[in-house]
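Peer 1: Need a 3D model of the sequence below.
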Amino acid sequence: MRFQTPLVAARLVRRYKRFLADFVLETDGNAVTGHCPNPGAMTGLAEPGLRCWLEPAPPGRKLPFGWRLVDLPDGRHRAGIDTAVPNRIVAEALAEGRIAPLAGWPHVRAEVRMGERSRVDFLLGRDDGPPLWLEVKNVHLRRDGPAAEFPDCVTARGTRHLQELAHRVRGGDAAAMLYVIQRDDCTEFRLARDIDPAYAQAFDEARRAGVQMLAFGTRIAPDGVWLAAPLPVNEPTQA
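Peer 2: Numbering: from 1, shown residues only. Below is the predicted model of the structure:
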């Protein structure tokens, strides 16, 4: 997925009110306010002074820039902070048949109602047999070691999604949860069980029911973000 317009480099001054952030542009030193498309905790990714990458907004937008990427403190890696990007890159990868565990369902629909209160990100179908319900989650928390973790805050909505996927599997359909690790310094995925124990319990129950748990890395550059190789889900199956 390529960004529509070239990104510009800036230094983060502060993030506030969840969806706003102030920056200083590297090109001319001007101070600007941009949209932060991420309601999560963004632990370690919103520290003042970090180098960020902003996308100029099209005419008519209230804010002149949207925050897309951040250079990690080691100076060698990046993370994507836009929570809308994973669905876009998964849609692209599905259309190109690049997600091997999901290759058996060639027909793809996005944003399909699932249950009374939710929509699933993708419903995959084929000419015969049951469909596959696919939910996508953005991951960019890393604390200790090489693992990316999810969630970075309590997510009742995420817990409900797992429960609804499990319900679909028990009814005879297939289902999968795909964790897109939107940072390029991780080699595995695990749950942040201490942050949201209820989510971890729902994860265990969904996997026991037969929901596939998939994790994929990303390739991140100032011109775009692409789905990369699968990463191991370092979560033993609970009895």
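
Peer 1: what secondary structure does residue 93 sit in?
Peer 2: Three-state assignment for residue 93 (DSSP: H, G, I helix; E, B strand; the rest coil): helix.

Peer 1: In contact with it, which residues?
Peer 2: Neighbour list for residue 93: 99, 227 [criterion: CB atoms under 8 Å, 6 or more residues apart in numbering]. For every residue, glycine as well, the C-beta is placed using N, CA and C.

Peer 1: how far away is it from residue 219?
Peer 2: 12 Å (CB to CB, to the nearest Å).

Peer 1: Below-threshold pLDDT in the protein: ranges please.
Peer 2: Within the chain, the stretches with pLDDT under 70 are 238-239.

Peer 1: now the residue most central in space within it, which residues is it bridged with?
Peer 2: For the chain, residue 138 is the residue whose C-alpha lies nearest the centre (CA atoms, centre = their mean; 1.5 Å). Per DSSP bridges, the residues bridged to residue 138 are residue 180.

Peer 1: what secondary structure does the closest residue to residue 7 other than its chain neighbours sit in?
Peer 2: The shortest distance from residue 7 to any non-neighbouring residue, by CB to CB, 6 or more residues apart in numbering, is to residue 53 (4.1 Å). Using three-state DSSP, the structure places residue 53 in strand.

Peer 1: from what I can see residue 53 touches residue 222, true?
Peer 2: Yes: using CB atoms under 8 Å, residue 53 makes contact with residue 222 at a distance of 5.5 Å.

Peer 1: Show me whatever sits in contact with both of the two.
Peer 2: 7, 69.

Peer 1: So those two - more neighbours on which side?
Peer 2: In this view residue 53 and residue 222 are compared by other CB atoms under 10 Å, and residue 53 has more residues nearby, 23 against 15.

Peer 1: need the contact list for that one.
Peer 2: Listed by CB under 8 Å, 6+ apart, the contact partners of residue 53 are 7, 8, 9, 10, 67, 68, 69, 70, 71, 78, 222.
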